[in-house]
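In: coords below, sequence missing:
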Ligand code: GUN
Ligand code: FE
C-alpha cells in the first residue's frame, strides 16, 4: 500500500456560503497523489495515529497495513484550504502600486501597456513570472486564474513555471487586437487567434489532463477586441468545452461608455459577450461593479461567475466602486475574490477579504441597509470555496471534502509565527483566532502551503 499522510490539528473550512466548519482536533488524510482520502473530525490529540488507523479501511488479510505519516500541527497552528485568486494579471506583478486613482483607460495607456509590452522579452518574462508565482504561493494562493500578456512565448513560460513551481493555475494569452498602442497590440486578428491556439496546444502538451494548469480564453475586454477576435474565441470555446473563459465586465463608467460607443447594437455587455459565445457556466467575469436587473438575471440564467476585486475597485478604475456582492449571493450567482494584482495595490487575498468587507459596508449604506455587510465566514468562503465554484473547480478544491485535492495552508499564530497579527489570548476560541488572522494576518502567518499534496512553501 502506498503511504498516506495525515495532517492533524485544528481545521477550518467552508461547507457553503453560510456554513463554516471548525474542527478542534481533526485530521486530513492524504494519499500519495495528493488527494484527500478522509476528513476526520474527532482525533484524540494524545493518540492521533490510533484515531487515524481506526478510521482507515482494513488492510488486506495477506498484506501489511498502510503506512501512515502523521504531521501534527504545532500549538497555535491550524489548517485552512488554499486561497483561490479568481482574477490576476501576472505581468502586472511588476507594476503594483502605480497609477492609483487613475481612470481605467488612462491607467491602461500610461502604466499597464508599457509594462506588459516588456514581456515580449522571454528572459524578462521568466524572471518576472518566477517572482510573481513565488510571491503568490508565499501568500497562500494555491490556485490563480492568470491573464498573461499578449505574447505567446511569455504565456507559455508562465504556464511552464506554474507547473514547475507547483501552483494550480489557469493561464491565458491576453487577446487585444485594437485600441492599444501599436507597440502593444496583437499583430493581426489572425495572429491573435493563432497564438491562442498555440498556447492551448502548449499547455495541453505540458499538462495533458489539465491536472494543474489549463489555458483560459482571455479576451482582455470588448474594447480591445475586434469582432472577428471575439467571434474566433467563441468558436474556440465551442470546440473546447473544457476551457474556462475570462474577461472584464462592467468595471467602470469610462469603460462601459467606451464599450457602448464601439458596440451600439448591444444594450448590455451581457448581450455582447453572449452573442459571441463567451458567456456561460465557465465564464469568470472580473469586477461587475455596475449591474442592472437585466444583467443580474442573465448572470443567474447563464451561470456566469463573478471575480470580485475590491482592492482595484476602490483604487484604480474610476473612483470608489463597490460591487453588489450581497445581491450576487442572494441570487445564487457564483462569486469569488480576485487580487487583480496590479490593478489594485495589493497581491494579498487576506487584503481582498478585508476589503470585501469594507466594500460591502459601503454597499450596506448605499442600499439603505438592504444589502448587509459581509461576515468573516462569508469572505473566508469567497476566498476558498466560492472561488473554486467560480472556476468550476468545486469538485476538486475549495475545502477538505474527501476526494478533493489537498490544497492547503498551515496558518501559524503564536510565538515566532505571530508576526504582526493581533496577539492570540488563551481564552480565544478558533473562530476568534480566525477573525484575528483574516483581519490582521499576513504572509508571516502562512507557514506552509501545499498544492495537490506538494509542499510549495515552508
Ligand atoms: N480592463 C481591461 N484591462 C484591464 C486590466 O488590466 N485591469 C483592470 N482592472 N481592468 C482592465
Ligand atoms: Fe483586471
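Out: Nice, thanks for sending it over. Bear in mind that the values here come from a model prediction, so they are computed numbers and not experimental data. Ligands and ions are numbered 1, 2, ... in the order given.
In: pLDDT value on the residue in the chain that ligand 1 sits nearest to, please?
Out: The minimum distance from the chain to ligand 1, using CB to the nearest ligand atom, falls at residue 343 (3.5 Å). No exception for glycine: its C-beta is placed from N, CA and C like everyone else's. What the model reports as pLDDT for residue 343 is 87.
In: phi, psi of it?
Out: Dihedral angles of residue 343 (phi, psi; degrees, to the nearest 10) stand at phi -60, psi -60.
In: ok, which residues in the protein are in contact with ligand 2?
Out: Along the chain, the residues adjacent to ligand 2 under the rule CB under 5 Å from the ion are 286, 340, 343.
In: apply 8 Å and report the result again.
Out: Proximity of the chain to ligand 2 (CB under 8 Å from the ion) is limited to residues 87, 89, 147, 248, 251, 286-287, 309, 312, 338, 340, 342-343.
In: against which helices or strands is the strand or helix carrying residue 144 packed?
Out: Residue 144 is part of strand 141-147 when elements are defined by DSSP states H and E. Here strand 141-147 touches strand 83-89, strand 168-172, strand 446-451, going by 3 or more CB pairs under 8 Å, 6 or more residues apart in numbering; DSSP states H and E.
In: what residues does this structure have near ligand 1?
Out: 89, 104, 108, 112, 220, 221, 248, 251, 312, 317, 340, 343 (CB under 6 Å from any ligand atom).
In: pull up the pairing partners for the strand holding residue 144, direction included.
Out: Looking at strand 141-147 with DSSP bridges, its partner strands are strand 83-89 (parallel), strand 168-172 (parallel).
In: what's the angle from the first one to strand 446-451?
Out: Think strand 83-89. Strand 83-89 runs at 80 degrees relative to strand 446-451, counting by axes from the mean of the first three to the mean of the last three CA atoms, to 10 degrees.
In: from ligand 2, how far out is the closest residue to residue 170 other than its chain neighbours?
Out: If the residues on either side of it in the chain are set aside, residue 170 comes closest to residue 216, at 3.8 Å by CB to CB, 6 or more residues apart in numbering. Distance of residue 216 to ligand 2, computed by CB to the ion, to the nearest Å: 13 Å.
In: what of residue 36?
Out: Here residue 36 is placed at a distance of 32 Å from ligand 2 (CB to the ion).
In: tell me which strands the helix or strand containing that residue pairs with, and in which orientation.
Out: Taking DSSP H and E as the definition, residue 36 sits inside strand 36-40. Strands that pair with strand 36-40, judged by DSSP bridges, come out as strand 19-30 (antiparallel).
In: what does the strand holding residue 36 contact?
Out: With contacts defined as CB atoms under 8 Å, 6 or more residues apart in numbering, strand 36-40 is touched by 4, 6, 11, 23, 26-31, 51-52, 55-56, 400-406.
In: local confidence estimate at the closest residue to residue 338 other than its chain neighbours?
Out: Spatially, and ignoring its direct neighbours in sequence, residue 338 is nearest to residue 87 (2.8 Å; CB to CB, 6+ apart). Looking at residue 87, its pLDDT reads 98.
In: what about residue 87, how many neighbours?
Out: For residue 87, the count of nearby residues is 29 (other CB atoms under 10 Å).
In: for residue 78, same thing?
Out: Neighbour tally, residue 78, other CB under 10 Å: 22.
In: distance of the closest residue to it other than its chain neighbours from residue 21?
Out: Nearest non-adjacent residue to residue 78, counting by CB to CB, 6+ apart: residue 10, 3.9 Å away. Separation of residue 10 from residue 21 (CB to CB, to the nearest Å): 11 Å.
In: run the chain-centre distance for the strand holding residue 144.
Out: Chain-centre distance of strand 141-147: 5 Å, with CA atoms, centre = their mean, to the nearest Å.
In: ok, then the element right after it?
Out: With DSSP H and E setting the assignment, the helix or strand that follows strand 141-147 is helix 152-165.
In: now do that following helix, average pLDDT.
Out: 98.
In: output the contacting helices and strands for that helix.
Out: helix 122-138, strand 168-172, helix 189-206, strand 213-215.
In: from the chain's centroid, how far away is the third one?
Out: Between the mean C-alpha location of helix 189-206 and the chain-wide mean there is a distance of 23 Å, by CA atoms, centre = their mean.
In: what's the mean pLDDT across that helix?
Out: Mean pLDDT, helix 189-206: 98.
In: tilt between that helix and strand 168-172?
Out: Here helix 189-206 runs at an angle of 160 degrees relative to strand 168-172 (the same axes, to 10 degrees).
In: what's the closest residue in space to residue 342 that isn't next to it in sequence sitting at in phi/psi?
Out: In space, and not counting its chain neighbours, residue 342 is closest to residue 92: 2.0 Å by CB to CB, 6+ apart. As for residue 92, its main-chain torsions (degrees, to the nearest 10) stand at phi -80, psi 0.
In: so residue 92 is in contact with residue 341, correct?
Out: Yes: counting by CB atoms under 8 Å, residue 341 is a contact partner of residue 92 at 5.8 Å.
In: please say which of the two ends up with more neighbours.
Out: More crowded of residue 92 and residue 341, by other CB under 10 Å: residue 341, with 31 against 25.
In: what sits against that one?
Out: Neighbouring residues of residue 341 by CB under 8 Å, 6+ apart: 85, 88, 89, 90, 92, 93, 96, 132, 136, 347.
In: swap the cut-off to 7 Å and go again
Out: Residue 341 sits next to 88, 89, 92, 93, 96, 347 when contact means CB atoms under 7 Å, 6 or more residues apart in numbering.
In: which of those sits closest to residue 266?
Out: Minimum distance to residue 266 across the contacts of residue 341 is 25.3 Å, recorded for residue 89 (CB to CB).
In: was I right about that closest one contacting residue 339?
Out: No: contact between residue 89 and residue 339 fails when scored by CB atoms under 7 Å: they sit 9.2 Å apart.
In: more crowded one of the two?
Out: A count of neighbours by other CB under 10 Å puts residue 339 above the other of residue 89 and residue 339, at 32 against 28.
In: now the more buried one: phi and psi?
Out: phi -80, psi -30.
In: check residue 368 too.
Out: phi 50, psi 40.
In: how near is it to ligand 2?
Out: 30 Å.
In: ok, that residue - how many residues close by?
Out: By the measure other CB under 10 Å, the count of residues near residue 368 is 7.
In: same question, residue 373
Out: Residue 373 sits with 18 neighbouring residues when counted by other CB under 10 Å.
In: am I right that it sits in a strand?
Out: No: judged by DSSP: H, G, I helix; E, B strand; the rest coil, residue 373 forms no part of a strand; its state is coil.
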